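A.B. asks: Have a look; sequence and predicted model below, questions after that.
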Amino acid sequence: MRADLRVPIQEAIANSSPPPNNEADTCARLIYPLLLAAGYSYHEILSQDPDAVRQRPDYTLLPNLPEYTWFLEAKAWSVNLVDSHAQQAVNYANTKGKRWVVLTNGKVWRLYDNHIKDTAEQMLAATFRLDQDEFPVFLEAISKHSITNGKLESFVRNQRLYATLTSQFRRPDSEVVRAVTRVLRTAPGLSGVTASEIVSFFERAQAVPTLDSGTSAQSKAEVLDTSTALPTDPLRLPLTADRSTFAQLTKSGPQIVGFEFGGKVTSVKNASDLVRRLCKQILDSAPHAKVPTIGPQNGSWYISPTGEGGKPSKEVDVIESGGRKAFVDQNNTIANKVTFLSELARVLEVEDGQAWLLLSSPKTNS
């Protein structure tokens, strides 16, 4: 079925230009046709009129098959999706005893698993973009055939397994790598094996399936703007990692030496160079989005489309992308700069796993 989905997906991508005007236009041009391509008939896609308190999702899928019924919440193409958009739909699914909820603006598709009894953020099981090469995999996973044959559960389990193991095996300080290190050090001839060596091994062996066999992370990705040589085995930290993790790592010795974005590696000279280069690549990845204003709550800003308002310092860079200008205040700590870049990536809907900070390898052998 996956091969059959590529044509309607390409048609949907073509229909997204010019961008849909509103939610109804997004549903008519993108969401509804893709659901039909996924095997649902017209009577299996029930459009809901919002109830008095607006708690019902926009669409109910397979309403006549209660065992497999699931819900879809639609937003306009221009809306930047956040987990709170799915919360009411997830709550509604919970009251009806249903497991699956999809949130989409036609461009980004998010799948939530109501069996995880937590916030919508924790229930998020998968995120895919319409223009992503792997999007046919996702559309097949939420197809009628997949839902009614119990295949979606396996898809979600594999997604969570992949995400968790990928995160663990990319970090020498992770619990899994530490455990593997302890076990291997009891084997003959491996008493001195380091955590970094184990991470490198799993990358080469494709235990982290984003690398080709026999290549390192640096040789797999296209290396750009190499004004500074990168370490042979840099530590990779997701741009979306929490601030405390970043602070703890940098305090223990590693310094930012570059970043990876969309499979391309760029070395940087310092934190300001990181902001200039990574900010531009994030903006380039969302050519139709407006430059957002991001900053602390005191009225100042880290990035602004106008450079006006607040009390920015004299250290302001102007970054141009697709005819847009972004004014970036560089007078901030490294932690604040990384926090701003992470928030910019979130606002412009950069996919998890697409942006990584590259740090010099830890000096410890543990």
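C.D. replies: In hand now; what should we look at? As the structure is a prediction and not an experimental result, all values here were calculated from the model.
A.B. asks: how about the longest helix seen in the chain: buried residues?
C.D. replies: Longest helix of the chain, by residue count under DSSP state H: helix 151-169. Residues Leu152, Glu153, Phe155, Val156, Gln159, Leu165, Thr166, Ser167, Gln168, Phe169 are the ones in helix 151-169 that count as buried (16 or more other Cβ atoms under 10 Å). To be clear about C-beta, it is placed using only N, CA and C from the backbone, and glycine gets the same treatment.
A.B. asks: Convert it to CSV, retaining C-alpha atoms only.
C.D. replies: Provided in CSV are the C-alpha atoms of helix 151-169 (Å, rounded to 0.1, in the frame of the first residue of the first chain):
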residue,chain,number,x,y,z
LYS,A,151,-0.8,-2.7,13.0
LEU,A,152,-0.8,0.8,14.4
GLU,A,153,0.1,-0.4,17.9
SER,A,154,3.2,-2.2,16.5
PHE,A,155,4.1,1.0,14.6
VAL,A,156,3.9,3.1,17.7
ARG,A,157,5.9,0.7,19.8
ASN,A,158,8.6,0.7,17.2
GLN,A,159,8.6,4.5,17.1
ARG,A,160,9.0,4.7,20.8
LEU,A,161,11.7,2.0,20.9
TYR,A,162,13.6,3.7,18.1
ALA,A,163,13.4,7.1,19.7
THR,A,164,14.4,5.9,23.1
LEU,A,165,17.3,3.7,22.0
THR,A,166,18.5,6.3,19.5
SER,A,167,18.6,8.9,22.4
GLN,A,168,20.3,6.4,24.7
PHE,A,169,23.0,5.1,22.3
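A.B. asks: in the stretch 101-250 of the chain, which spans are helices?
C.D. replies: 120-123, 135-141, 144-148, 151-169, 175-184, 195-204, 217-220, 243-251 (DSSP state H, counting those that start in this stretch).
A.B. asks: and of these, who's closest to Tyr92?
C.D. replies: Closest approach to Tyr92 among the helices of the stretch 101-250 of the chain (Cβ to Cβ): helix 120-123, 11.9 Å.
A.B. asks: Which elements pack onto that closest one?
C.D. replies: For helix 120-123, the packing partners by 3 or more Cβ pairs under 8 Å, 6 or more residues apart in numbering; DSSP states H and E come out as helix 84-96, strand 108-113.
A.B. asks: what does the longest one rub up against?
C.D. replies: The contact list for helix 84-96, computed with Cβ atoms under 8 Å, 6 or more residues apart in numbering, reads 54-57, 69-73, 75, 79, 99-101, 103, 110, 112, 114, 119-120, 123.
A.B. asks: again with the last one
C.D. replies: Contacts with strand 108-113, where a contact means Cβ under 8 Å, 6+ apart, come from 81, 83, 86, 89-90, 99-104, 120, 123-130, 135, 138, 141-142, 156, 349.
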